[in-house]
Structures are given as C-alpha cells and as structure tokens.
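Enquirer: no sequence on hand, only this structure:
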Ligand code: CAA
C-alpha cells in the first residue's frame, strides 16, 4: 500500500550522520506514506550504532508544507494529520513529532523552501534548526480555520516567546530565515543547511545544551507563566483583527494553557480545540477556498506555456490605481514606466508612490533598502514612445470608454506586436476597448482592486478575441506579483462589481423602506465584513456614482439626495455619516433626509429586522452569481467565492457567497428570493440560474 518508503524518504549515512531526505509530492505534505516512511527511517537510525545524529531534510522548494490537507475530512472520525489514531502502521503527526523530540540522538532540521504548519511543527521538535537564507517558516493553520495541531501552540512560544508566537499563529503569516534567526526559531542560517560544517556545528550546539527537547525550554515563557493573563493581554489586539475569530480564540486558549499550566496540558487543549475547529463549518469554508483558489489557477483553455516573459512593463495613468499597479509590478522586480498625459498628474502620482513607500517603511513592512530598490524601478514619462520596448502595458486611466479607446489606439501604434495590452477597467467591455486596435487578440482586462499594491485579487478578463499568449501572460504576471488571478468573461462589471451593484441597489432600497445606514452596516459587520456598504461608500466617495447616474439617466434617491446636499463622503466630512477625521458617527440630519426621500417616493417606512436586511443584501447578489455562472462569465462557483473573499472582504470563514448559499440551502435561498420578489414587486429578485430549479 502507498509509495515505497525508500522512495519518499531517502536515507544515507556518512560520518555518523543519518541524512533523511523527504521527497514526497511537490511540497512534502505529511501524508500517511511520508509519516510512515519517516517513522521507520527514524527507528532504523535509532537502532544503528553507526549513527550518532540525524539530519532531517526536504526539497529545495519545501522542507514540508505541513499536514496533508487532502486527508482532512471533518466528517470522518479518523484524520491522520493530527491527534487521531494513525492508520494501520502510519503514526499520526503528533506521534511522529514526539518521536523526533524524544529521539535518543541529536536531530537537526535543515530547512529549505517552506516549513509550514505541521512541517514547522516537525522542525520545532528537532533539537536544532538550520535554515537556508530564502526559507520561509510559518503556522498558517488559521487561514484554514484551524489551529496548529501537532504541538505548534506549545513549542513555538518556548522558542520565540509568547508575543512573537501569538503574532505568527494569529496572523498565519510566515517569517523569513533572518527573522527566524533573530527570534530564536532557528539556530543558524546557512546557504546549504545540509553542508557538513553547518551540521557539525549544530550537533555541537545541541550537545552543549542543558535541555535538548523544546518542551523542556522554559526561559522564553517564564515571565508569562509567572503572570497569568499575560497571554490574553498579548493576544488582545491581534485577536480582534484575526481573519477567523473562532480559530484565533481556540489558538489563544491552547497557547495560554501551554504556558500557564504545563506543556502536556497545552497539548491536550490544543488537541481538543484542533478537533473542534476541524469539524467546524468555518474550517470547511476555508478549506473550500484553499482548493477553489488553486482550481481558479487552471481555467479552461489556459496554456501556461503560452505565457510571454515580462521583462519590462508600462502603466498608463498615474492615479491611485496606476500608482498601486506600478508598485505591485516593481515589488516583483519588474521595471515599470508610468505614462501620464500631464506633468502635474505624473508628479502627483509619483509623489504618492513615495508617500506609500514611506508609510510601509515607517510601519516596518518594508526596509528602507527594499523601498529604494522598488522606487528605482519606477520611471515617469509623458510620452507613449517610452513604452515602445515593454512586454506588457496596463492601462489604468479615467473610467471612460472614449479615453480608453484613444489610449489603446495610441499604444497599438507604438508597442511591438508581441506586447500584451491590458485594461484595468472595472466595468467597461474589453471587446469594445480593443475594437480600435490592429491586434485585438493581445488585449485583455487585468482588473485590480484598490489599493492595488495591497489587495490580492486580479480579475483577468478574457475578451472575445483574447488569445492564449495574452491570457497566459496576464495570469502568470498576476501570480508573479503575488496576486490571486481569477479568469472571468466580459460583461458590465465582470463578476465582482456586477454582484456589488446588486447589493448596493438593495442597500439603497432598504433605506427607503425603513432602515438606517448604521443598522445596515452593522448587520454586514456582524456577518463578518470589515465594513458595511455605506461606510464603504463614504470612504470611496459618493460623487462619482452620482455623476455616472446623471450621465446614464438613472437614480439612487437617497445617495442622490446626499450628494445634492454636498455630502460626498469622508472627503467632505459628511456622507451617510458625519465625520471627525476618519471616525464616522450617525447623523440625525441623514435620518431626516432619508425619511423625507421615503416620503417623496410614497414609501411607508417600517421596522426591518436584521435577518431580513442580511437576506436582502446577500441573496440577490448570490442570485446574480447564479446568473453569472449560467452565462459562463465565471467558470465555477468557487471562482466567484475567491473573487468575493480576496477582492471584497467577504469573511473567509463563510466561504464566499456561493459556498454560503449551499450552506444555508439553495432551496431556502430560492424561496426567500421568491418571497422578496413578491414583497417588493421586483421581478429581478426571482431565482435565476441553478437557483431557479431549487
Ligand atoms: N497538503 C496537501 N497538499 C498541499 C499542501 C498541503 N499542506 N500544500 C500544498 N499542497 C498542494 C497544493 O494543493 C498544490 O496541489 P495542485 O498542484 O494539485 O494544485 C500543490 O501542493 C502545490 O501548491 P501550490 O499550488 O499552492 O504552490 P505554491 O508554490 O503557490 O505554494 C505553498 C506552495 C506555500 C506550500 C502553499 O501550497 C501553501 O501555503 N500550502 C498550505 C500550507 C498550509 O496551510 N499548511 C498547514 C496545513 S494544516 C496543518 O499542518 C495542521 C497541523 O498543524 C497538523
């Protein structure tokens, strides 16, 4: 059964050191075959009198990416990853970790690539760790709605202290080898962690230690252990900000037990909480997203081989989006030329880039050296001729079809035939934008989200004529700059904004019928969004939508009335809320205005329950998602979920709109949509696509 052990753990012995090299799959996920093979190799090394120490190694790409996620089935009692009885002859991960920690001879972990989750837990049980300079180490379990399940919550604080440990566990973010060395997570950084010299030094360090096992190291936790409540206090702010509040709470409880009670008690709490989280709907939702994000990288018709290398790029437009996109490209080492029509706009844009970089330096998220290197890759220009030698141009100009068509025609005339042309439009048709170019096949949409240097999503819009090279280059570039690309088709607003428009219309309607902005925003925040629609509107500014509506001859009575009263949002100190700086507060004047608009529209206001507000915000946009799927604008339901989680702050622990619909039941969503269609007389609310038959 399974792969032969010697193929997934290679063993060689030289100078008394047994080198156990894991090579299972692409990232050494600790599935049952690997666990079984490692345990057997360790047993042999323990018994071999010629072996005086063990060196645990992985692949250049990964020491290990942790427990095998594909073995997590919350409905099955037997989960091999952590805490449950292992299958047949394969130990569970905890037992393997204990075998390493209690090993009678020094065990050294040589970390190359990533050591994540169970992979880092295994390394933390070793008696010393050497990391390659480019290694990344982390406990990302919270991003799967889990907590570390193989001793991570009790061992990490013993190595790096409670404060750093909580920060890693609650954010799920990995750290560099240099940071790991500074914090005590690794003992040395070496170009080749398996080199004899590095290993001999590590063994000597281990032999000099008073206590070899991580579980016996108490110095870093002594202070917190002596003052119960310290862990809770240290967790404070991070607990509030955690993307999964349930897993965060569970993790803090395990960390506290491991420090304030004992190592073994910590392990017990960890095991209990891990099981609880594994069985939770929040974790199921986030594991769905992990798989959906990876499935989205393989859209139908994508040929990754067709991607062209992007050595240099151009960005047209130095506004907020253009500047952010330029920063995102430059942070991946791609030199960028930003083209603007006016000197003043160009200067303003570049000054803003400088400011953004200064902020990231002051926050410690970037070193001064990195910021300077990034900035040196961004050049400004007033001449399209300066992008004549680039491989990709991303247009991020004013959202106006005529303006964009003009830019594409101008670019088409100067760039070489194999240069890819992308538009960052958020609503307009890529096909119409491409219409004036000679080579429509090289045109596509790359729709970034603001701020573009931060937000992870890129909707890659495939036009009718977009060819394989353009699509593959768009997807590959998005990945290269650390974004999550999702391929979508052409329609007004693509996937994300098209669904957002439906939600916004409903939010406005709720105000007319009797709700106030504070209630609507609170309901969405209680659901898990970081902001409600009206707070979001005030932040973005209400005037753009108002002007667009005037141009289109449409209305949004409440928003229009606010704009007519000069309330454009935060920038004018008043919108749906009144502002002192960025702090908004409810404003009786807004209530008066809304009541007046309801009256003018002939609507009798009534009390709306939170439950109705939630359903009326979410179900119509889910319905729009069903239409989008039926039209083939998105390929899979999971693509829509990824877009909403990565681009619109849909809470990951609720899996995305279509996952959520499945969770509450398609039949229920359809029934409520029929009900609301009848109640409001709005036939667009009638169930569509797969919901129509539910
Ligand atoms: N288990 C199973 N499969 C995994 C995996 C894991 N832990 N990590 C990655 N893979 C798979 C991916 O699904 C992908 O498979 P396909 O090629 O079939 O799509 C393949 O390995 C390569 O992964 P990526 O496409 O994601 O490659 P990447 O280079 O973009 O990223 C990575 C590599 C950084 C390791 C990323 O995959 C990752 O973050 N993995 C998850 C790490 C993680 O969350 N580990 C914790 C697991 S839970 C745990 O360990 C619990 C515990 O405490 C006991």
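Expert: Done, it's in. Quick caveat: nothing in here was measured; it's all calculated off a predicted structure.
Enquirer: dump the residue contacts of the closest residue to the ligand within the chain.
Expert: Nearest to the ligand, among the residues of the chain, is residue 117, at 2.5 Å (C-beta to the nearest ligand atom). Bear in mind the C-beta positions are built from the backbone N, C-alpha and C, glycine included. Contacts for residue 117 were tallied using C-beta atoms under 8 Å, 6 or more residues apart in numbering; they are 65-67, 138-141, 148, 152.
Enquirer: just the residues you listed: which are in strands?
Expert: Judged by DSSP state E, the contacts of residue 117 include residue 138 as members of strands.
Enquirer: how about a markdown table for the contacts of residue 117, with distance to residue 637, neighbour count and pLDDT added?
Expert: Formatted as a markdown table, the contacts of residue 117 follow (distance: C-beta to C-beta, whole Å; neighbours: other C-beta atoms under 10 Å; pLDDT from 0 to 100):
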| residue | distance to residue 637 | neighbour count | pLDDT |
| --- | --- | --- | --- |
| 65 | 26 | 24 | 98 |
| 66 | 27 | 31 | 97 |
| 67 | 26 | 30 | 96 |
| 138 | 29 | 23 | 98 |
| 139 | 30 | 30 | 98 |
| 140 | 24 | 21 | 98 |
| 141 | 25 | 30 | 98 |
| 148 | 30 | 31 | 98 |
| 152 | 32 | 32 | 98 |
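Enquirer: of the contacts of residue 117, which are in range of the ligand?
Expert: 65-67, 140-141, 148, 152 (C-beta under 6 Å from any ligand atom).
Enquirer: helices - which of the residues you listed land there?
Expert: Mapping those onto helices (DSSP state H) picks out residue 152.
Enquirer: let's have the ones next to the ligand among the contacts of residue 117 in JSON lines, adding distance to residue 250.
Expert: Output for these, formatted as JSON lines (distance: C-beta to C-beta, whole Å):
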{"residue": "65", "distance to residue 250": "22"}
{"residue": "66", "distance to residue 250": "17"}
{"residue": "67", "distance to residue 250": "16"}
{"residue": "140", "distance to residue 250": "15"}
{"residue": "141", "distance to residue 250": "10"}
{"residue": "148", "distance to residue 250": "10"}
{"residue": "152", "distance to residue 250": "12"}
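Enquirer: any idea how far residue 344 is from residue 384?
Expert: Separation of residue 384 from residue 344 (C-beta to C-beta, to the nearest Å): 18 Å.
Enquirer: okay, the two: which has more neighbours?
Expert: More crowded of residue 384 and residue 344, by other C-beta atoms under 10 Å: residue 384, with 19 against 9.
Enquirer: how about the contacts made by the more buried one?
Expert: Residues in contact with residue 384 (C-beta under 8 Å, 6+ apart) are 339, 410-411, 413-414.
Enquirer: redo that, cut-off 10 Å
Expert: 314, 316, 337, 339, 341, 393, 407, 410-411, 413-415 (C-beta atoms under 10 Å, 6 or more residues apart in numbering).
Enquirer: and if you look at residue 599?
Expert: Contacts for residue 599 (C-beta under 10 Å, 6+ apart) come out as residue 605.
Enquirer: quick check: pLDDT value at it.
Expert: Listed pLDDT for residue 599 reads 97.
Enquirer: helix or strand for it, which one?
Expert: For residue 599, the host element (DSSP states H and E) is helix 588-600.
Enquirer: could you check that helix and say which residues are buried?
Expert: 590, 593-594, 597-598 (16 or more other C-beta atoms under 10 Å).
Enquirer: what's near enough to touch the residue nearest to residue 286 when sequence neighbours are not counted?
Expert: Sequence neighbours aside, residue 145 is the residue nearest to residue 286 in space, at 4.1 Å (criterion: C-beta to C-beta, 6 or more residues apart in numbering). Residues in contact with residue 145 (C-beta under 10 Å, 6+ apart) are 74, 243-244, 246-247, 250, 277-278, 280-290, 652-653, 655.
Enquirer: and residue 694, by the same measure?
Expert: Contact analysis of residue 694 by C-beta under 10 Å, 6+ apart lists 626, 661, 665-671, 673, 687.
Enquirer: from residue 385, how far out is residue 295?
Expert: According to C-beta to C-beta, residue 295 stands 42 Å off from residue 385.
Enquirer: what do you get for residue 282?
Expert: Applying C-beta to C-beta, one obtains 53 Å for the distance of residue 282 from residue 385.
Enquirer: now swap in residue 72 and tell me
Expert: The value you get for residue 72 to residue 385, if C-beta to C-beta is used, is 55 Å.
Enquirer: please narrow the contacts of residue 694 to those residing in helices.
Expert: Going by DSSP H, the helices hold 626, 661, 666-671, 673 from the contacts of residue 694.
Enquirer: which of these lies closest to residue 159?
Expert: Nearest to residue 159 out of these is residue 661 (C-beta to C-beta; 43.1 Å).
Enquirer: re earlier: quick check on the residue of the chain closest to the ligand: phi, psi?
Expert: Backbone torsions for residue 117, taken as degrees, to the nearest 10, come to phi 50, psi -130.
Enquirer: separation between it and residue 242?
Expert: For residue 117, the distance to residue 242 - C-beta to C-beta - is 17 Å.
Enquirer: so residue 256 touches residue 227, yeah?
Expert: No: counting by C-beta atoms under 10 Å, residue 256 stays clear of residue 227, with 11.7 Å between them.
Enquirer: who's more crowded, those two?
Expert: residue 256 (24 against 11).
Enquirer: in which helix or strand does the more buried one reside?
Expert: For residue 256, the enclosing helix or strand under DSSP H and E is helix 245-256.
Enquirer: just checking, next helix/strand downstream of that helix?
Expert: helix 263-278.
Enquirer: for the closest residue to the residue of the chain closest to the ligand other than its chain neighbours, give me its contacts.
Expert: Taking C-beta to C-beta, 6+ apart, and ignoring the residues beside it in sequence, residue 117 has residue 66 as its nearest neighbour in space, at 2.6 Å. Shown in contact with residue 66 (C-beta under 10 Å, 6+ apart): 27-30, 81-82, 93, 114-122, 138-141, 144, 148-150, 152.
Enquirer: before we move on, what about residue 258?
Expert: Applying C-beta under 10 Å, 6+ apart, one finds that residue 258 lies in contact with 151-158, 162, 165, 215, 221, 225, 231, 264-270.
Enquirer: go on, residue 596?
Expert: Going by C-beta under 10 Å, 6+ apart, residue 596 touches 558, 561.
Enquirer: and the helices in the stretch 151-300 of the chain?
Expert: Taking DSSP state H, counting those that start in this stretch, the helices of the stretch 151-300 of the chain run over residues 152-160, 162-171, 177-183, 196-208, 222-226, 230-241, 245-256, 263-278, 281-296.
Enquirer: distance to residue 510 for those helices - can I get that in TSV?
Expert: Converted to TSV, the helices of the stretch 151-300 of the chain look like this (distance: least, C-beta to C-beta, whole Å):
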stretch	distance to residue 510
helix 152-160	42
helix 162-171	34
helix 177-183	47
helix 196-208	63
helix 222-226	47
helix 230-241	28
helix 245-256	26
helix 263-278	34
helix 281-296	26
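Enquirer: and those helices, which one is worst for confidence?
Expert: helix 230-241 (a mean of 92).
Enquirer: ok, of the contacts of residue 258, which come out buried?
Expert: Buried among those (16+ other C-beta under 10 Å): 151-158, 162, 165, 215, 221, 225, 231, 266-270.
Enquirer: and stretch 682-694, how far apart are its ends?
Expert: One end of stretch 682-694 sits 19 Å from the other (C-alpha to C-alpha, to the nearest Å).
Enquirer: report the buried residues of that stretch.
Expert: Residues of stretch 682-694 classed as buried: 685, 687-691, 694 (neighbour count, 16+ other C-beta under 10 Å).
Enquirer: circling back to that earlier point, tell me the most buried of the helices of the stretch 151-300 of the chain?
Expert: Most buried of those, by mean neighbour count (mean count of other C-beta atoms under 10 Å): helix 152-160, with a mean of 27.
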